[in-house]
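[1] pasting the structure only:
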């Protein structure tokens with residue numbers, strides 16, 4: 001009888017230990033899941049935009065390229081970014097640029113000019129209040145010199161104090177060897193309307 005009682009006690013201890021481990025494991029799982037959800041909820045606009053992996057998740061259409069580029073622009077001009085975040089955003093923007101555009105905008109010059117533009121924008125109390133991107137059906141695709149190009153219009157409303165102004169840009173994109181649409185250049189719509197090429 002002592003032997004049976006000893007076996008019963010050992011089995012009970014094992015069952016209790018397994019239950020304790022299961023409860024502790026489940027508790028840790030819930031705590032980690034809750035922490036992850038809290039972190040996801042508290043990501044800033046800038047952090048969310050920076051999460052996109054352009055290597056594995058490049059925008060598939062000209063419209064989506066410009067939509068993501070506009071998200072970057074809004075971060076540049078409307079959000080408070082650290083220097084590190086600004087440089088990361090700038091690298092994302094350059095990841096959307098055609099090689100020819102990159103060749104004409106070396107990093108040091110590009111980041112210097114970008115910082116100056118952002119500072120001027122903020123010094124003058126300006127903010128991008130709205131961006132309207134043309135519909136996919138309004139994308140003008142054509143072939144020239146053996147390359148596929150696409151033109152798309154985008155309107156920007158700028159708020160300065162209580163005054164509002166608007167401008168329309170026309171973006172020119174070129175398809176690269178990997179099938180990605182890259183920003184080749186842009187210009188004001190009135191200049192494009194005069195037959196000038198975007199650069």
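    On my side now, so go ahead. These numbers were taken from a predicted model, which means no experiment stands behind them.
[2] can you give me the helices for the chain?
    Assigned by DSSP state H, the helices in the chain fall at 2-41, 45-50, 62-78, 83-94, 99-103, 107-123, 189-193.
[3] as JSON lines, the ones you listed with mean pLDDT would be great.
    Below are the helices of the chain laid out as JSON lines (pLDDT from 0 to 100):
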{"stretch": "helix 2-41", "mean pLDDT": "66"}
{"stretch": "helix 45-50", "mean pLDDT": "89"}
{"stretch": "helix 62-78", "mean pLDDT": "95"}
{"stretch": "helix 83-94", "mean pLDDT": "95"}
{"stretch": "helix 99-103", "mean pLDDT": "95"}
{"stretch": "helix 107-123", "mean pLDDT": "95"}
{"stretch": "helix 189-193", "mean pLDDT": "79"}
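[4] next, format the ones you listed as a markdown table and append distance to residue 175 and mean neighbour count.
    Every C-beta, even on glycine, is put in place using the N, C-alpha and C of the backbone. Output for those, formatted as a markdown table (distance: least, Cβ to Cβ, whole Å; neighbours: other Cβ atoms under 10 Å):
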| stretch | distance to residue 175 | mean neighbour count |
| --- | --- | --- |
| helix 2-41 | 34 | 10 |
| helix 45-50 | 24 | 16 |
| helix 62-78 | 9 | 20 |
| helix 83-94 | 18 | 16 |
| helix 99-103 | 12 | 14 |
| helix 107-123 | 23 | 12 |
| helix 189-193 | 19 | 14 |
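[5] can you lay out the ones you listed as JSON lines showing distance to residue 169?
    Converted to JSON lines, the helices of the chain look like this (distance: least, Cβ to Cβ, whole Å):
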{"stretch": "helix 2-41", "distance to residue 169": "33"}
{"stretch": "helix 45-50", "distance to residue 169": "19"}
{"stretch": "helix 62-78", "distance to residue 169": "9"}
{"stretch": "helix 83-94", "distance to residue 169": "14"}
{"stretch": "helix 99-103", "distance to residue 169": "14"}
{"stretch": "helix 107-123", "distance to residue 169": "14"}
{"stretch": "helix 189-193", "distance to residue 169": "7"}
